[in-house]
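Colleague: I'll drop the sequence and a predicted model, then ask my questions.
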Amino acid sequence: MLQLNPLKVECTLFFEENPYTFETAEGLASRLGRKTTELAMILEHLVTVSILEKIGDGEQAIYRYLQPDTFQFQREAIWD
Amino acid sequence: MNQYTSTGIQGLDFLLNGGFPTGATILLEGLPGTGKTNLSMQFLYNGAVQYDEPGLYITFEELPGQLYKEMKAFGWDIPALERENKMRVLCVSPQVLLEQMETQNGLFEQIINEIGCKRVAIDSISLFQIGDESVETKRKTIYKLRNILRKFNLTSLLIQEQTAAQDSEISYINYVVDGVIRLALKDYKEHYRKRTLEVLKMRGRKIVEGEHIYRITDHGIHLLPAFSMVEDKAHLYNATAITTGIPRLDQLLDGGIPEGSAFILDTNSKANYKYLAVSIAANRLLAGENLIILLSSLSTINDLEFLYGLYGVNLKEYVAKRKVFFIEHYRRPIPPGFEEAIIDVSDLKNEEYRQATQTVLLPYIQSSVERNEKWFVYYDLNTIVSQRGKDFLQTYFTEEISKLNASGFSVLALSNFTELGPELSSFIERTSNGVIKTWVEGSYQYVQLLKSPMGKMSIPLLVENINTKPYINLI
């Protein structure tokens, strides 16, 4: 049976509803009302599965949502 | 900054003489609940939909998802505009934003280029001011923010949360930005509150000063500029306006006082109304109308002959042609040449007064009306009150105005509302189509159009004496 991590779902839904969010892990934790340490791990995972993109490193790294295919072309134009 | 960016909010564009200066940074301040977010969103939405100018809304605290829902209530589908690349609602913290704005080809610059952004709203810059930094550091931050927005020629609204404590304090931000707009909620008639908008500063644009009421409607903010009232279309229909001889007044009245309308000239005891009244009446004579003047105790025929002469009207010649008549309540010497034009009512009771004026004037009026000639009547209501009483004025004035209007006569009635009292003044004001008020306050005389058939009102205009006709200039 597929086990869904509630925080992962919460985080993904947040970015779906607020697609142009650009925020640090600490900033996102504040918006979601969660602990930064727990959220940081989830964010890293979402980056590895290409739901989020990470810009920069360390505590000041910013996470942004990678929207589905329709925006692929623009995203490449922006980030490449 | 000669070009302007229309907000698409009709009343606000009127106040701004077209819109915000393009590329300007404008502070939008107000207490919670005044509609700052709505106004900013409306500015961006109208830009995207009406002017093909994409916009960027930056929110620090409110989540975009919530804003989408709130804006949907006004019929604004923001996500649809985002899909069309006409809008972005960016959710970011102030520190991240500033860092990205400073970064060459950072996120901010990329989004601006991606959608071809022309308009920005930042909600709210109050969050830049929180922290331990000195005022100087905070000022530098705002200054940098303004410079970046200006560099990209973005017409920007910076929302600022106002607190009661800040009310009397002018923030340093006011000096840095190009414009300041304040939204306020004020008590109104005990149980109500009214929303007002005031443009406090707008570099490079002529603005309409003062507080203007707005409402938040189903379609967003609807602002009604002060001094606008409902047009009296019945009176404007087919009516020819005749110049008052005073250019600024003609401009306000769309050409002058329309034929067949009744105007009140309300004065206080210090104000010099003579040039205003004589200019209006003299121009009616010059336009071919006939004139009836009810003389006051303060104006003799000799005085009037001189005053009308200043406006190019030889009263004696008009009298000889039976185009001017005087109603005289006082026993005074009559200058030669004017005897036939005087209707002496000095000893007449109220009933006799009506009859006497009608008996004398009716034959002239009938024959002139057959020739399609018009008449203009100048009353001194204070004289009627002092000679015939307030009750007489109340009944007489309504009947008289009604009869005169029906016959196409135009009327200018001099009055002092303060002396007449609020009840009678209000009654007379209702009966009339227009009210021009002149008064002295401090060392200046003012003129204000308070009511007109075209629905316009004016701000108080300063009266300047000049040496040439019409001898007064309204500024």
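Modeller: Good, I have the coordinates.
Colleague: and chain B, what are its domains?
Modeller: Domains of chain B are assigned by automatic domain parsing as B:4-224, B:233-474.
Colleague: and the shortest one, how far out from the chain's middle?
Modeller: When you say that, I think you mean domain B:4-224. Between the centre of domain B:4-224 and the centre of its chain there are 26 Å (CA atoms, centre = their mean, to the nearest Å).
Colleague: present the domains of chain B as CSV; the columns should include mean neighbour count and mean pLDDT.
Modeller: The C-beta positions use only the backbone N, C-alpha and C, and glycine is treated the same way. Formatted as CSV, those follow (neighbours: other CB atoms under 10 Å in any protein chain shown; pLDDT from 0 to 100):
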stretch, mean neighbour count, mean pLDDT
domain B:4-224, 18, 90
domain B:233-474, 18, 88
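Colleague: those domains: which one's closest to chain A?
Modeller: With CB to the nearest CB as the measure, domain B:4-224 is the member of the domains of chain B nearest chain A (3.7 Å).
Colleague: just the endpoints, please. Distance across that closest one?
Modeller: One end of domain B:4-224 sits 21 Å from the other (CA to CA, to the nearest Å).
Colleague: and that domain with chain A, contact?
Modeller: Yes: using CB under 8 Å from any CB of the partner chain, domain B:4-224 reaches chain A at B:63-65, B:82-83, B:85, B:88-93, B:96, B:99-100, B:107, B:110-111, B:114.
Colleague: those residues in helices, which ones?
Modeller: B:64-65, B:82-83, B:96, B:99-100, B:107, B:110-111, B:114 (DSSP state H).
Colleague: for the stretch 51-200 of chain B, what spans make up the helices?
Modeller: Assigned by DSSP state H, counting those that start in this stretch, the stretch 51-200 of chain B shows helices spanning B:64-72, B:78-83, B:94-102, B:107-115, B:135-151, B:173-176.
Colleague: before we move on, the earlier item: for residue A:62, which of the domains of chain B is the nearest?
Modeller: Ranking the domains of chain B by distance to residue A:62, with CB to CB as the measure, places domain B:4-224 first at 6.0 Å.
Colleague: now stretch A:47-66: average pLDDT?
Modeller: For stretch A:47-66, mean pLDDT is 92.
Colleague: buried set for it?
Modeller: If you call a residue buried by 16 or more other CB atoms under 10 Å in any protein chain shown, then stretch A:47-66 has these buried ones: A:51-53, A:62-66.
Colleague: and residue B:254, how far is that from residue B:453?
Modeller: When distance is defined by CB to CB, to the nearest Å, residue B:254 is 9 Å away from residue B:453.
Colleague: picking that back up, restrict the buried residues of stretch A:47-66 to contacts with chain B.
Modeller: Restricting the buried residues of stretch A:47-66 to those within reach of chain B (CB under 8 Å from any CB) leaves A:62, A:64.
Colleague: for the buried residues of stretch A:47-66, which one is nearest chain B?
Modeller: If you rank the buried residues of stretch A:47-66 by distance to chain B using CB to the nearest CB, residue A:62 comes first, at 6.0 Å.
Colleague: would you agree the closest one is in contact with residue B:96?
Modeller: Yes: the pair residue A:62 and residue B:96 passes the contact test of CB atoms under 8 Å, sitting 6.0 Å apart.
Colleague: for the two, list the residues in contact with both.
Modeller: Listed contacts common to residue A:62 and residue B:96 are A:22-24; contacts here mean CB atoms under 8 Å, 6 or more residues apart in numbering or on different chains.
Colleague: could those go into TSV alongside distance to residue B:58 and secondary structure?
Modeller: As requested, the shared contacts of residue A:62 and residue B:96 are exported to TSV (distance: CB to CB, whole Å; DSSP: H, G, I helix; E, B strand; the rest coil):
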residue	distance to residue B:58	secondary structure
A:22	10	strand
A:23	12	strand
A:24	16	strand
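Colleague: any idea which of the residues you listed is closest to chain B?
Modeller: Lowest distance from chain B to these (CB to the nearest CB) belongs to residue A:22, with 4.8 Å.
Colleague: who does that closest one form a beta bridge with?
Modeller: Taking DSSP bridges, one finds residue A:64, residue B:92 as the beta-bridge partners of residue A:22.
Colleague: kind regards, and thank you for your time.
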